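Participant: Here's my sequence, what's the structure:
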Amino acid sequence: MTATMATPGISITDDAVDQLHAFLEDQGTPDFALRVFVAPGGCSGLQYGMSVEEEIEDGDTVIDTKGVRLLIDEFSAMYLGGAEIDFVNSLMGGGFTVRNPNAVASCACGHSFDSGANEATAQGCGCGAF
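Facilitator: Numbers count the residues shown, from 1 in each chain. Purely as a prediction, here's the structure:
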């Protein structure tokens, strides 16, 4: 297993750290990590995903920060440099979110984005536009 122990400019807010700690404790998995990833799909071309995982996979970047670990795979790292993981609480519900400076357009739902790599395929979803 190869893992990079460098920080590729991805950060996590104090609120997100607190929420992640509480969630992991509630699940009985305090030593697990939050995997943040990007996958093709969504209404803007790429979409964010998150999962809680115990194992580090080959090629993962491991970010140890503020008492939590983030796991980022090689593909996702290309799109997440400079991103910030936050926790947002709103009337419609709360959850983790990604603030990504690499996104040139994003869906109003906040779950998909376009990196600008292929303007011809960028599209809106109708949930609030770019």
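
Participant: Provide a list of residue ranges in this structure with pLDDT below threshold.
Facilitator: With pLDDT under 70 as the threshold, the chain has low-confidence stretches at 1-8, 42-44, 102-130.

Participant: distance between the ends of stretch 38-54?
Facilitator: Length of stretch 38-54, first residue to last, C-alpha to C-alpha, to the nearest Å: 19 Å.

Participant: what's the answer for stretch 68-78, then?
Facilitator: 22 Å.

Participant: buried ones in that stretch?
Facilitator: V68, R69, L70, L71, I72, D73, S76, A77 (16 or more other C-beta atoms under 10 Å). Backbone N, C-alpha and C define where each C-beta goes, glycine included.

Participant: pretty sure the last one is in contact with V62, am I right?
Facilitator: Just to be clear, that refers to A77. No: using C-beta atoms under 8 Å as the test, A77 is too far from V62 to be in contact (11.4 Å).

Participant: What residues of the helix or strand D64 falls within count as buried?
Facilitator: Per DSSP states H and E: D64 is located in strand 60-65. The neighbour-count criterion (16+ other C-beta under 10 Å) identifies D60, T61, I63 as the buried residues of strand 60-65.

Participant: Phi, psi for the nearest residue to the last one once chain neighbours are set aside please.
Facilitator: In space, I63 comes closest to L70 once its chain neighbours are excluded; the distance is 4.2 Å by C-beta to C-beta, 6 or more residues apart in numbering. Torsion angles at L70 (phi, psi; degrees, to the nearest 10) stand at phi -110, psi 140.

Participant: Please shift the residue numbers so they start at 530 in all later answers.
Facilitator: Okay, using 530 as the starting number, the last item reads as L599.
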